[in-house]
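Undergrad: coords below, sequence missing:
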């Protein structure tokens, strides 16, 4: 089936980053201005109405004079698009300001085997900035790196969580909610496929709270080749500040890391263990660029 919508973003971002009294402590401020468009593709729609002409009438009454067919009746056609997506149809101006504080002791950016990076970030959209949406997001991310059992072996431990919440009676736009699945989160699931749904629809619409954890152990084979084994786990909740640790999705898998002249590449194959009714146990191939997952 065709995609329900196209998402179009254009704008700009200004970012200021500097060390705060120590090379390990890094602060950042940002201003982002975006115009975001949600355009429904052909065949997808909200409520529609079609007219239907009734049969012939031989008696007078509500249908009109005797011997005349009644006029057309408007019949509703229900939407085939989730309300969260319909609510954002069209273009919206979404300016944001953000800030973050990170502590980074990694011994390498490309392939660290010691140290950690932990970052607390927040973002505010709308309000006095002149935007059409008003919400905020707070996220905590951490990644720790340890030497393995032999030379060149690396153990990576990752944890992430985030909350989004509206400052008005409107919901956080679905395109700024949280999703899991894909190369850099739950690798046994399709991109953004771990997510709440709305009743009667299969399309993911995102959630306002997420948590995610991952373990990965990688081993060098030759100079330009590493292999990895991993385990990922996480959950996305529809409500802000609602953490559900009983219902979760997780996977295990194996990967290859290639350091080619064109740049480092990674290929992973993840296999789901626990999943919701919208996903199955089929494995997924994931392809990405770079030795490490984006922080």
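TA: Cool, the structure landed. Just so we're clear, the structure is a prediction, and the values are computed from it rather than from any experiment.

Undergrad: tell me the centre residue of the chain?
TA: Computing the C-alpha centroid of the chain and ranking residues by CA atoms, centre = their mean puts residue 179 first, at 3.2 Å.

Undergrad: residues touching that one, list them.
TA: Contacts of residue 179 were listed using CB atoms under 8 Å, 6 or more residues apart in numbering, and they are 192, 193, 194, 195, 204, 206, 207, 210, 236. Heads up, the C-betas are built off the backbone N, CA and C, glycines and all.

Undergrad: Sitting in strands, which of the residues you listed do you find?
TA: The members of these that map onto strands under DSSP state E are 210, 236.

Undergrad: how about JSON lines for the contacts of residue 179, with distance to residue 242, pLDDT and neighbour count added?
TA: As requested, these are exported to JSON lines (distance: CB to CB, whole Å; pLDDT from 0 to 100; neighbours: other CB atoms under 10 Å):
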{"residue": "192", "distance to residue 242": "19", "pLDDT": "96", "neighbour count": "17"}
{"residue": "193", "distance to residue 242": "20", "pLDDT": "96", "neighbour count": "18"}
{"residue": "194", "distance to residue 242": "16", "pLDDT": "97", "neighbour count": "29"}
{"residue": "195", "distance to residue 242": "14", "pLDDT": "97", "neighbour count": "22"}
{"residue": "204", "distance to residue 242": "17", "pLDDT": "97", "neighbour count": "24"}
{"residue": "206", "distance to residue 242": "14", "pLDDT": "98", "neighbour count": "23"}
{"residue": "207", "distance to residue 242": "9", "pLDDT": "98", "neighbour count": "26"}
{"residue": "210", "distance to residue 242": "11", "pLDDT": "98", "neighbour count": "24"}
{"residue": "236", "distance to residue 242": "10", "pLDDT": "98", "neighbour count": "27"}
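
Undergrad: quick one: which two of the contacts of residue 179 are the most distant?
TA: By the measure CB to CB, 193 and 210 form the most distant pair in the contacts of residue 179, at 13.5 Å.

Undergrad: Would you map the strands across the stretch 51-200 of the chain?
TA: Here the stretch 51-200 of the chain has its strands, by DSSP state E, counting those that start in this stretch, at 72-77, 90-104, 115-125, 135-147, 154-166.

Undergrad: out of those, which comes closest to residue 223?
TA: Each of the strands of the stretch 51-200 of the chain was checked against residue 223 via CB to CB, and the shortest separation belongs to strand 154-166, namely 15.3 Å.

Undergrad: Residue 86 and residue 79 touch, don't they?
TA: Yes - contact between residue 86 and residue 79 holds when scored by CB atoms under 8 Å: they sit 6.3 Å apart.

Undergrad: Please tell me how far residue 206 sits from residue 193.
TA: The span separating residue 206 from residue 193 equals 11 Å under the rule CB to CB, to the nearest Å.

Undergrad: give the contact list for residue 269.
TA: With contact taken as CB under 8 Å, 6+ apart, residue 269 is in contact with 187, 253, 254, 255, 283, 284, 285, 286.

Undergrad: Spell out which helix or strand contains it, please.
TA: Residue 269 is part of strand 263-274, with elements assigned from DSSP states H and E.

Undergrad: Okay, now stretch 254-268: how far is its last residue from its first?
TA: Stretch 254-268 has its terminal residues 6 Å apart, counting by CA to CA, to the nearest Å.

Undergrad: and if you look at stretch 140-153?
TA: Its first and final residues considered, stretch 140-153 spans 27 Å by CA to CA.

Undergrad: buried sites along that stretch?
TA: Neighbour-count burial for stretch 140-153, with 16 or more other CB atoms under 10 Å as criterion, is recorded at 141, 142, 143, 144, 145.

Undergrad: Same check on stretch 261-269?
TA: By 16+ other CB under 10 Å, the buried positions in stretch 261-269 come out as 264, 266, 268, 269.

Undergrad: Next one, pLDDT for the first one please.
TA: The predicted local confidence for residue 264 comes out at a pLDDT of 90.

Undergrad: Go ahead and confirm it touches residue 224.
TA: No - under the criterion of CB under 8 Å, residue 264 is not in contact with residue 224, lying 9.1 Å apart.

Undergrad: what is in contact with the two at once?
TA: Jointly contacting residue 264 and residue 224 under the rule CB under 8 Å, 6+ apart are residue 258.

Undergrad: what ranges do the helices span in the protein?
TA: If you assign secondary structure with DSSP state H, the helices in the chain sit at 83-86.

Undergrad: show me where pLDDT drops low in this structure?
TA: For the chain, the stretches flagged by pLDDT under 70 are 1-2, 53-71, 295.
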